[in-house]
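Engineer: Sequence and computational prediction follow.
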Amino acid sequence: MTIHDAINEYLKQCEARKLSWSTLKAYRCDLEILDRSQRHTELLDIESEELQKIIKGNGSLKPATMLRRSVSFHIFFQYCKEKGYIQETPVIKSQRVKLQTPVTLTADKVTGIFRELYSTPKEGKFYWEKSRNMAIVELLYATGMRISELCALKKDDIQFFDEFIIVSMHGNGKRERKFLITNKQVITALQTYQSDVDTASVDVVDSDAVFINRRGRAVSEQTVRYCLKNYNITPKILRNSAAKEMYDSGMNIFRLQGTLGLNSIDSAERFCCRQELENKRTYSLSDCDLRNRLSV
């Protein structure tokens, strides 16, 4: 079997397993590079040295990219071994990557962003987009959810009660986690957005989607990134900032891992100093509702 045929089979199997969109995208991107370089090479003829050259690329790749690529290759060849296509997996040297402290915003910076959001008037035919953007920023910061999770939100995923709302998020591997929000600003932002969409009589195509674009379809990640760019922020920075605030407000490292839907405790530990882990106090729901900590 050729590398090309094996990659196609493997990617179809990944789709059948219903891996997250971002995971599939990463696998496809890395394996397409391998496919272009070794398309007609038989699996049994692949050389470890050649794989290392592909992983390193042209020398301009970041260490994290090379690490991801080596992991993608390793998992692919492990699949081929399990299928009996090869007897042993090629030797792939792991790339050492020093984890950097995530970029986060200070509470004052986040407060300034919210003030700018709420001070900008709603104007024009698509005035409801302003309400949508406010609701998006509020929800991203309040929950620390991924941008992919936000874009995939369905109306049934948000339950409104008298004093709070519960947001259900579906992360990696379709695992569900729930987040309780008591802050009135977040709740009002979501209600105002939905009210503005109804008032503007938007021709909604994806009727079950929470956030939509001008064509009435579920909002894309690209659209969200573009909207946030106006405030010099990214979804990742908002998620990092939310995680840091959750930890600083008293959430222990294991609860933080579950709240953010992280696969590893190491990922959660990036938001704190290891010396602090055993001294972390007990937190309350009001402490961890991040918007209650901002004066706007």
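Structural biologist: Looks like it arrived, so ask away.

Engineer: Domain parsing of the protein, as residue ranges.
Structural biologist: Domain ranges of the chain: 3-83, 107-293, per automatic domain parsing.

Engineer: so can I have a markdown table of those showing mean neighbour count?
Structural biologist: Glycine gets a C-beta too; all of them are placed from N, C-alpha and C. Shown next, in a markdown table, are those (neighbours: other CB atoms under 10 Å):
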| stretch | mean neighbour count |
| --- | --- |
| domain 3-83 | 15 |
| domain 107-293 | 17 |
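
Engineer: so how far is Tyr141 from Ser20?
Structural biologist: In this view, Ser20 and Tyr141 are 22 Å apart by CB to CB, to the nearest Å.

Engineer: wait, Arg36
Structural biologist: Going from Arg36 to Tyr141 by CB to CB gives 40 Å.

Engineer: Without its sequence neighbours, what residue ends up closest to Gln159?
Structural biologist: Residue nearest to Gln159 in three dimensions, not counting chain neighbours: Ile166, with 4.6 Å by CB to CB, 6 or more residues apart in numbering.

Engineer: and the host helix or strand of the one you found, what does it pack onto?
Structural biologist: Taking DSSP states H and E as the definition, Ile166 sits inside strand 165-170. Counting contacts by 3 or more CB pairs under 8 Å, 6 or more residues apart in numbering; DSSP states H and E, strand 165-170 packs against helix 128-143, strand 158-160, strand 176-181, helix 184-199.

Engineer: Now do that strand: distance to the chain's middle.
Structural biologist: In terms of CA atoms, centre = their mean, to the nearest Å, the centre of strand 165-170 is found 15 Å from the chain centre.

Engineer: returning to that earlier point: ok, now which ones touch the residue nearest to Gln159?
Structural biologist: Residues near Ile166 by CB atoms under 8 Å, 6 or more residues apart in numbering: 158-159, 178-181.

Engineer: Can I get the residues you listed in a markdown table including distance to Gln257 and pLDDT?
Structural biologist: Compiled in a markdown table, the contacts of Ile166 are given as follows (distance: CB to CB, whole Å; pLDDT from 0 to 100):
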| residue | distance to Gln257 | pLDDT |
| --- | --- | --- |
| Ile158 | 23 | 95 |
| Gln159 | 24 | 95 |
| Lys178 | 15 | 91 |
| Phe179 | 14 | 91 |
| Leu180 | 17 | 92 |
| Ile181 | 20 | 93 |
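
Engineer: Show me the helices in the chain, by range?
Structural biologist: 3-16, 21-38, 48-56, 63-83, 107-119, 128-143, 147-151, 184-199, 221-229, 235-248, 253-260, 265-269, 285-288 (DSSP state H).

Engineer: closest one to Pro90 among these?
Structural biologist: Closest to Pro90 of those is helix 48-56 (CB to CB; 4.6 Å).

Engineer: As CSV, could you dump the C-alpha coordinates of that closest one?
Structural biologist: Output of helix 48-56 as CSV, limited to C-alpha atoms (Å, rounded to 0.1, in the frame of the first residue of the first chain):
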residue,chain,number,x,y,z
SER,A,48,13.0,7.6,9.2
GLU,A,49,15.6,10.1,7.9
GLU,A,50,13.2,11.3,5.2
LEU,A,51,10.4,11.7,7.8
GLN,A,52,12.7,13.8,9.9
LYS,A,53,13.4,16.1,7.0
ILE,A,54,9.7,16.6,6.3
ILE,A,55,9.1,17.3,10.0
LYS,A,56,11.8,20.0,10.0
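
Engineer: and the closest residue to Leu153 other than its chain neighbours, how far is that from Leu190?
Structural biologist: With CB to CB, 6+ apart as the criterion, Leu153 has its nearest non-adjacent residue at 4.2 Å, and that residue is Val210. Val210 is 8 Å from Leu190, where distance means CB to CB.

Engineer: Give the intersection of the neighbour lists for the two.
Structural biologist: Jointly contacting Val210 and Leu190 under the rule CB under 8 Å, 6+ apart are Ile158.

Engineer: Please render the helices of the chain as JSON lines that adds distance to Val205 and mean pLDDT to the earlier fields.
Structural biologist: JSON lines is the format used below for those (distance: least, CB to CB, whole Å; pLDDT from 0 to 100):
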{"stretch": "helix 3-16", "distance to Val205": "24", "mean pLDDT": "92"}
{"stretch": "helix 21-38", "distance to Val205": "20", "mean pLDDT": "89"}
{"stretch": "helix 48-56", "distance to Val205": "41", "mean pLDDT": "89"}
{"stretch": "helix 63-83", "distance to Val205": "34", "mean pLDDT": "90"}
{"stretch": "helix 107-119", "distance to Val205": "27", "mean pLDDT": "91"}
{"stretch": "helix 128-143", "distance to Val205": "15", "mean pLDDT": "94"}
{"stretch": "helix 147-151", "distance to Val205": "15", "mean pLDDT": "92"}
{"stretch": "helix 184-199", "distance to Val205": "13", "mean pLDDT": "94"}
{"stretch": "helix 221-229", "distance to Val205": "15", "mean pLDDT": "93"}
{"stretch": "helix 235-248", "distance to Val205": "24", "mean pLDDT": "90"}
{"stretch": "helix 253-260", "distance to Val205": "31", "mean pLDDT": "86"}
{"stretch": "helix 265-269", "distance to Val205": "36", "mean pLDDT": "74"}
{"stretch": "helix 285-288", "distance to Val205": "36", "mean pLDDT": "50"}
